[in-house]
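Asks: Provided below are the primary sequence and the corresponding predicted coordinates.
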Amino acid sequence: NFRDIYDSNKCDGDFYSCMTDKGYHYFYSDSVDASAAYLKNEDGKIIARCIIFNKVYEEGTEKIWRLAERQYSTNQDDVLKRALVNALIIGGYIDGYKQVGYDCHHSKSFVDIYGNSLEDKKFYIDCDLGTEDTLSYQDSFKWYDMEAGKAYNYEVNGYDYELDT
């Protein structure tokens, strides 16, 4: 439920996210293969959230990853972010994740579920985004090649847009 994780009324406290209550969540259901992941407290409020990109291609290989994007939590609590990542690992939902505590400027700061760095990997996702479509700010897959329909976590020649602006 992408709508809920970006709805301040569904979240407990401030998540310090520029995308909250903006309606930009449609990007994840309309343009990419992604899932919403979150933890709730005993009152049913979301206390930690992230996006899982379900098909992340590793450049030059046949490997497809499931990577959890940067996590957000109540008052930026890293313990809650780690709890979310651990739940996703235990549940078998992800193969890697954005390192807890890294900000939006680190597009390559992924690790696998064992903590091994993936910073040397070049990743991309399929992305079907038109010039009039809804865009949610992108932390990792920010270089977009519209003709190829791909967004990359590294700068590529011939990209059309930077999705982190």
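Replies: That came in fine, so what should we check first? Just so it is clear, the model here is predicted, and its values are computed rather than measured. Residues are numbered from 1 along each chain as shown.

Asks: got a list of what Trp143 touches?
Replies: 151-156, 159, 161-163 (Cβ atoms under 8 Å, 6 or more residues apart in numbering). In this view, the C-beta of every residue, glycine as well, is placed from N, C-alpha and C.

Asks: of those residues, just say which sits nearest to Met19.
Replies: Closest approach to Met19 among the contacts of Trp143 (Cβ to Cβ): Leu163, at 12.4 Å.

Asks: and Gly92, how far from Phe15?
Replies: 26 Å (Cβ to Cβ, to the nearest Å).

Asks: same drill for the two, tell me which one is more crowded.
Replies: Comparing Gly92 with Phe15 by other Cβ atoms under 10 Å, the one with more neighbours is Phe15, at 21 against 9.

Asks: identify the residues contacting that one.
Replies: 8, 49, 72-74, 76.

Asks: buried subset of those as a ChimeraX selection?
Replies: A single ChimeraX command is used to select the members of the contacts of Phe15 judged buried by 16 or more other Cβ atoms under 10 Å:
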select :49,72,73,74
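
Asks: beyond the lengthiest strand in the chain, next helix or strand please.
Replies: The longest strand of the chain (DSSP state E) is strand 46-58. The C-terminal neighbour of strand 46-58 among helices and strands, as given by DSSP states H and E, is strand 64-68.

Asks: any idea of the mean pLDDT in the next helix or strand after that next one?
Replies: As assigned by DSSP H and E, the chain's next helix or strand after strand 64-68 is strand 72-73. Mean pLDDT, strand 72-73: 91.

Asks: ok, now stretch 110-119?
Replies: 96.

Asks: now, among the contacts of Trp143, which is nearest to Tyr57?
Replies: For the contacts of Trp143, the nearest to Tyr57 is Tyr152 (9.8 Å; Cβ to Cβ).
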